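**Student:** Let me see the structure of the following:
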Amino acid sequence: MKRILLILLSAIILLSGCRTTKAPESVSGAANGPSTTNPAYDDDTSPATNPAPDDTSPVANLTPDESTTAHTVTDSTDESTTAPTTTDNTDEGGDDEMSYSTITAQEAKQIIDGDEEYILLDVRTEAEYLQQRIDGAILIPHTEINTAAPDKLPDKDMIIIVYCRSGARSAAASKALAQMGYTRVYDFGGIIYWPYDTISGNSADK
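**Tutor:** All right, here's what the predicted structure looks like:
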């Protein structure tokens, strides 16, 4: 009988011991649970969740730059340095239309090398004429065209090729000659556009 009681008492002690050892584990688990399981971040800017792309990043929202792709290759020739093309400059101020033609230096050279008679007219100053001129040119400064042309250019139907240094004075002189009734006036602009030989010094053609 005593042995039975001892067995029952031992069983009760064992059962009560198991209950006391499990309770701390559950408490410990409850205390440590939030920090070790199912972490949650309410801040969308947290580096661990939902990183937002940086719009300023060179790889984010990359689009072609129209300013670097829209342009096509264009001709960059400076027209101010090229010889003028042939044009007709008509003066409609009077009853009869007076005009002269603008040609290139190459076209002027073709006339000079041709068979038809012509007059090559330099309308710069005498100093410029003596320093450099085209061979065969006569000198009438553009300021003297109205007074000197009737004597030096008696044939108003003769081909007259006019030039100066850069083109401004030859245009003014050509217009004056056209207004005076000269019918075949050709202005090729300035001697600076003349790629052929020139001479200098005194000349009997002044």
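
**Student:** so how many other residues sit close to residue 186?
**Tutor:** 21 (other CB atoms under 10 Å). Any C-beta I mention is one placed from the backbone N, CA and C, and that applies to glycine too.

**Student:** for residue 116, same thing?
**Tutor:** Residues near residue 116, counting by other CB under 10 Å: 9.

**Student:** Likewise for residue 184?
**Tutor:** If we define neighbours as other CB under 10 Å, then residue 184 has 18 of them.

**Student:** Once you drop chain neighbours, what's closest to it?
**Tutor:** If the residues on either side of it in the chain are set aside, residue 184 comes closest to residue 159, at 4.8 Å by CB to CB, 6 or more residues apart in numbering.

**Student:** so where is the protein shaky, pLDDT-wise?
**Tutor:** Scanning the chain for pLDDT under 70 picks out 1-2, 16-97, 203-206.

**Student:** What's the separation between the residue nearest to residue 184 and residue 120?
**Tutor:** Remark: distance between residue 159 and residue 120 (CB to CB, to the nearest Å) = 9 Å.

**Student:** next one: residue 143
**Tutor:** Noted for residue 143: a distance of 19 Å to residue 120, by CB to CB.

**Student:** do the same with residue 10
**Tutor:** For residue 10, the distance to residue 120 - CB to CB - is 143 Å.

**Student:** cool, residue 167 as well?
**Tutor:** From residue 167 over to residue 120 the distance is 16 Å, taken as CB to CB.

**Student:** likewise residue 7?
**Tutor:** 147 Å.

**Student:** Over to residue 12?
**Tutor:** As defined by CB to CB, residue 12 lies at a distance of 142 Å from residue 120.

**Student:** which of those two has more neighbours?
**Tutor:** Set residue 12 next to residue 120 and count neighbours by other CB under 10 Å: residue 120 wins out with 20 against 10.
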